[in-house]
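>>> only the shape, not the letters, is given here:
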Ligand SMILES: NC(=O)c1ccc[n+]([C@@H]2O[C@H](COP(=O)([O-])OP(=O)(O)OC[C@H]3O[C@@H](n4cnc5c(N)ncnc54)[C@H](OP(=O)(O)O)[C@@H]3O)[C@@H](O)[C@H]2O)c1
């Protein structure tokens, strides 16, 4: 099948591109920093594409006519509402608009759990109302609303909502977190019994591959997460042990406020203060999703990828 990927130079897009190549699809990888494709460069067609440029989008789609487009391009680590809205909302509108105009049959869109993570329920389920906790989440809500509007107009869009994704060389969080835990700079606060459910990038890619052949993927929205949740204490201990480091130290909850002003560490401590659990019943029932990689196997590989720097 001929497929085109936006954001193929990013963490998830690149992993997806590798899988599609392995499974012998004809793959067009797009992004801005194409050198990030490394070894994939000889195995795919690589094309520069800025999703802020609607004419370039139409041009590439009319030339290539992919049967399916995977939209993975986004701004993930930014606090600039202006930049987030320009890329995540307006760029996504450009992608859907070009797909509608060029008659692209199917689009798989990577949304995010951030569109509902402001809801207090545990676990979070797909049916909850939009509620963000930060600007990134607001930009992803705006993009999902656009996806739903295009779906109403007849464009087949699959909306996948990954929870926090980890994997080898994950660039946003795990590398630094692993080092802080190894150097014993990040404590477990109190009992550390809040639950954390993540998703391995290979499980996310499995779901995107399911969308190639399942009509049900183009209806509803789908949270994707691993099957297991760890407590924060288990998570920190596992990362420390994987690196051969001493177990993390613990501080009483009342001391946590001393750490809060420290850059990165303060934010992380607040992040770990609530239960982050998700229901994957809908995606299991409707798409037949089976999380193949366990959090223990996936996390071990991911943490070791920074250690070995491979
Ligand atoms: N990582 C997570 O934990 C997570 C969780 C839930 C949802 N998601 C969603 O999954 C998707 C992929 O995330 P990721 O972690 O792979 O992000 P990433 O590693 O930061 O990759 C982002 C990709 O977007 C591309 N991009 C950014 N601005 C662009 C623009 N104006 N035009 C074209 N391409 C642009 C980047 O390309 P260049 O570098 O070449 O410019 C890069 O390929 C995003 O939609 C994100 O919201 C991620």
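On my side now, so go ahead. Note that the coordinates shown come from a computational prediction; the quantities given were computed from them, not determined experimentally.

>>> beta partners of residue 124?
In this entry, residue 124 is beta-bridged to residue 278, by DSSP bridges.

>>> contacting residues around it?
113, 116-117, 223, 277-279 (CB atoms under 8 Å, 6 or more residues apart in numbering). Heads up, the C-betas are built off the backbone N, CA and C, glycines and all.

>>> what's the closest of the residues you listed to residue 234?
residue 277 (13.7 Å; CB to CB).

>>> quickly note the distance from the spatially closest residue to the closest one that is not a sequence neighbour to residue 113.
For residue 277, ignoring the flanking residues on the chain, the nearest one in space by CB to CB, 6 or more residues apart in numbering is residue 123 at 3.9 Å. Distance, residue 123 to residue 113, using CB to CB, to the nearest Å: 11 Å.

>>> and for these two, which residues touch both?
Counting by CB under 8 Å, 6+ apart, the shared contacts of residue 123 and residue 113 are residue 278.

>>> the more surrounded of those two?
residue 113 (22 against 16; other CB atoms under 10 Å).

>>> so what's the spatially closest residue to the more buried one that is not a sequence neighbour up against?
Distances taken as CB to CB, 6+ apart put residue 163 closest to residue 113, at 4.5 Å, once the chain neighbours are dropped. Neighbour list for residue 163: 113, 197-199, 223-225, 276, 278 [criterion: CB under 8 Å, 6+ apart].

>>> most neighbours, which of those residues?
residue 225 leads the contacts of residue 163 on contacts (other CB under 10 Å) with 29 neighbours.

>>> and that residue, what is it in contact with?
With CB under 8 Å, 6+ apart, residue 225 has these contacts: 113, 162-163, 197-199, 278, 280, 291.

>>> contacts with the ligand among these, please.
The subset of the contacts of residue 225 within reach of the ligand, counting by CB under 6 Å from any ligand atom, consists of residue 162.

>>> format the contacts of residue 225 as JSON lines; extra columns: pLDDT, distance to residue 248 and secondary structure.
Shown next, in JSON lines, are the contacts of residue 225 (pLDDT from 0 to 100; distance: CB to CB, whole Å; DSSP: H, G, I helix; E, B strand; the rest coil):
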{"residue": "113", "pLDDT": "98", "distance to residue 248": "25", "secondary structure": "helix"}
{"residue": "162", "pLDDT": "98", "distance to residue 248": "26", "secondary structure": "strand"}
{"residue": "163", "pLDDT": "98", "distance to residue 248": "22", "secondary structure": "coil"}
{"residue": "197", "pLDDT": "98", "distance to residue 248": "20", "secondary structure": "coil"}
{"residue": "198", "pLDDT": "98", "distance to residue 248": "17", "secondary structure": "coil"}
{"residue": "199", "pLDDT": "98", "distance to residue 248": "23", "secondary structure": "strand"}
{"residue": "278", "pLDDT": "98", "distance to residue 248": "24", "secondary structure": "strand"}
{"residue": "280", "pLDDT": "98", "distance to residue 248": "28", "secondary structure": "coil"}
{"residue": "291", "pLDDT": "98", "distance to residue 248": "26", "secondary structure": "coil"}
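
>>> and the end-to-end length of stretch 152-163?
One end of stretch 152-163 sits 26 Å from the other (CA to CA, to the nearest Å).

>>> mind listing what's buried along it?
155-163 (16 or more other CB atoms under 10 Å).

>>> of the contacts of residue 225, closest to residue 75?
residue 162 (15.9 Å).

>>> the closest one: what's it in contact with?
By CB under 8 Å, 6+ apart, the residues touching residue 162 are 12, 110, 112-113, 199, 204, 224-225.

>>> next: residue 294.
Residue 294 touches 226-228, counting by CB under 8 Å, 6+ apart.

>>> what do you get for residue 31?
Residue 31 sits in contact with 6-10, 13, 37, 46, 48-49, 73, where contact means CB under 8 Å, 6+ apart.
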